[in-house]
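Engineer: Output the structure for:
(2 chains)
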Amino acid sequence: MLLQMLSKKKKSCPNRVQDKKESEEGRLKELLELYWAFFQVGIMTFGGGYAMLPMLQRVVVNEKKWATEEEIMDYYAIGQVTPGVIAVNTATFIGYKQKNILGGIFATFGVVSPSLLIIMALAGIIGQFSDLAVVQHAFNGIRIVVCALVAKAVIGMIKKGVKDILTLLICIAAFVAVGIFQVSPIPLVIICCLLGILTKGGEVRKQ
Amino acid sequence: MMEFLILYIEFFKAGLFAVGGGLATLPFLKAMIGTHTWFTAEELTNMIAISESTPGPMGVNMATFAGFHAGGVIGSLIATLGLISPSIIIIIIVSKILDKFRSSKTVQNAFYALRPASAGLIIGAMFDVFLMALFNLDYWKVDMVKFFNVPAILIFIGACVCIWKWDKVHPICFIIAGAVLGVVFGL
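Structural biologist: Next up, the predicted model:
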C-alpha cells in the first residue's frame, strides 16, 4: 500500500524531486536490508556471542558482501573488548560502517528482535504453568545442569584470563566480594580496569 | 513510570559494565535481586536455562526475560533498550578511533585485569544457586546425611562428565535431560 502510494507520487513528481525520493526510498530499503540480515543472525545465534560467528560470516561476508573475512574478525574482536553483549556490539559496528548511525541502530534492533519476540512469548507461557509440581521438578533438574554448563564456561574464561598471580588474585577477590560479601559488581569492574592500566599487566605478558 | 525509568537505568548499567559477553551480564542481574523485587535467585537460574535454549544472544535474552518479570511486554522492551544503549554509544565512538583503540596499550592493560575479574564475578553470582541446587541447606549441622542432596550431586557430576566429553552437543540437549531427570527423581 505504502509502496504503491510512493510509486504513484514518483510519477507525478518533477525530475529533481524524483531523484531525492528514489534515494530516500533506496536508503530505507538498505536500512531494512540491514535489519533483516541481522534479524537472521540473531535468530540463528544460540547461547552466547561466540555462537554468532559462523552465521555472521555466512550472511555478512558471503551473501551481502558488506565486509571481508578479516574485517569481520576485527569487528568481532572489537565487540569483545567493548562493554556490552558481543553480538549487539558486532551488529552495531557493521551497521554503523555500512549506513552510519541509523545503520548501527537498525542492525542492532535486527539482532535483538528475535530474542524479544521469542522470550516474551515464552515468559508469558511459563508464568501460567510455573505452579505445577512437574514443572517445578523439571526446573530443579535443569538448575543442576545449568550449574554444570556455567562451570564449563567459567573454566574456559579462567584459562584465557588467569595468567599469573595478580590475575589469580583478581579472580578470587571478585568471587569473594560478589559471592560472599554481596558487593555490587560495578565498583569492582572500575577498580580492575584501573588496576590493569596501572600495573601495565597486558604489556608485561606480551614481552 | 518511575519503575520503568529505574529498569532502564539498571540495564543501562549492566550493558555498560558487563565485559566479556555471554554470561557477563549475570553478576549484574544477580545484584538486582538485592535491591529490586523483579525476580528471585531461582527465577534467574531458570532464565539462564531458557536463554541457553532459545535463539538470540544470551545477554539480550536475559534482559528481555528479566524485563518481562519486572513489567510485562513494555518492561521487556525497556530492559533490552537499556542494555543495548551503551553498546550503540560506545561502538560509534570506538569506530571513529578504531585504529588507535585496537593498538592501544591502555585497552590491553585494562583487559588483562578485566578478564579474570569477569570470571570471578560469574562464579560469585552462581555461588548460592550452586549451593541451593546441590545441598539441603536447612539440614546444615542438624542432619549431615540429609544435608547432601545425593541425587542432585550425582546428576551434577554426570552432567559435568557429559558436557566435557561431548562439547559439540548443543546445551539444549543437556537442559532437556536435566528436566527429565528432575521429574524422574522428583527433585
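
Engineer: ok, residue B:26 touching residue B:51?
Structural biologist: No: Residue B:26 lies out of contact with residue B:51 (Cβ atoms under 8 Å); the separation is 9.9 Å. Bear in mind the C-beta positions are built from the backbone N, C-alpha and C, glycine included.

Engineer: any shared contact partners between these two?
Structural biologist: Overlap between the contact sets of residue B:26 and residue B:51, as judged by Cβ atoms under 8 Å, 6 or more residues apart in numbering or on different chains, is given by residue B:62.

Engineer: any residues touching stretch A:32-42, and which ones?
Structural biologist: Stretch A:32-42 is contacted from outside by A:52, A:55-56, A:59-60, A:63-64, A:66, A:87, A:91, A:94-95, A:98-99, A:103, A:106-115, B:55-57, using Cβ under 8 Å, 6+ apart.

Engineer: where along chain B do the helices fall?
Structural biologist: For chain B, helices defined by DSSP state H occupy the ranges B:2-17, B:26-35, B:41-53, B:58-96, B:98-103, B:105-134, B:144-147, B:150-165, B:171-185.

Engineer: buried ones in the third one?
Structural biologist: Within helix B:41-53, the residues scored as buried using 16 or more other Cβ atoms under 10 Å in any protein chain shown are B:43-53.

Engineer: One more: the longest one?
Structural biologist: By neighbour count on 16+ other Cβ under 10 Å, the buried set for helix B:58-96 is B:58-71, B:75-92, B:94-95.

Engineer: tell me, what residue is most central in the chain?
Structural biologist: Since you didn't name a chain, this refers to chain A. The geometric centre of chain A, computed from its C-alpha atoms, lies nearest to residue A:87 (Cα atoms, centre = their mean), at 2.1 Å.

Engineer: not quite, I wanted chain B
Structural biologist: The structure's chain B has its C-alpha centroid closest to residue B:26; by Cα atoms, centre = their mean the separation is 3.0 Å.

Engineer: for the nearest residue to residue B:12 once chain neighbours are set aside, what are its contacts?
Structural biologist: Nearest-residue entry for residue B:12: residue B:82, 4.3 Å, with adjacent residues in sequence omitted and distances by Cβ to Cβ, 6 or more residues apart in numbering or on different chains. Residues near residue B:82 by Cβ under 8 Å, 6+ apart: B:7-12, B:14-15, B:63.

Engineer: Just the buried ones out of these, please.
Structural biologist: In terms of neighbour count (16+ other Cβ under 10 Å), the buried residues within the contacts of residue B:82 are B:7-8, B:10-12, B:14-15, B:63.

Engineer: do you know how far residue A:138 is from residue A:146?
Structural biologist: Separation of residue A:138 from residue A:146 (Cβ to Cβ, to the nearest Å): 12 Å.

Engineer: Among the two, which residue is more densely surrounded?
Structural biologist: Taking other Cβ atoms under 10 Å in any protein chain shown, residue A:138 and residue A:146 do not tie; residue A:146 has more neighbours (28 against 23).
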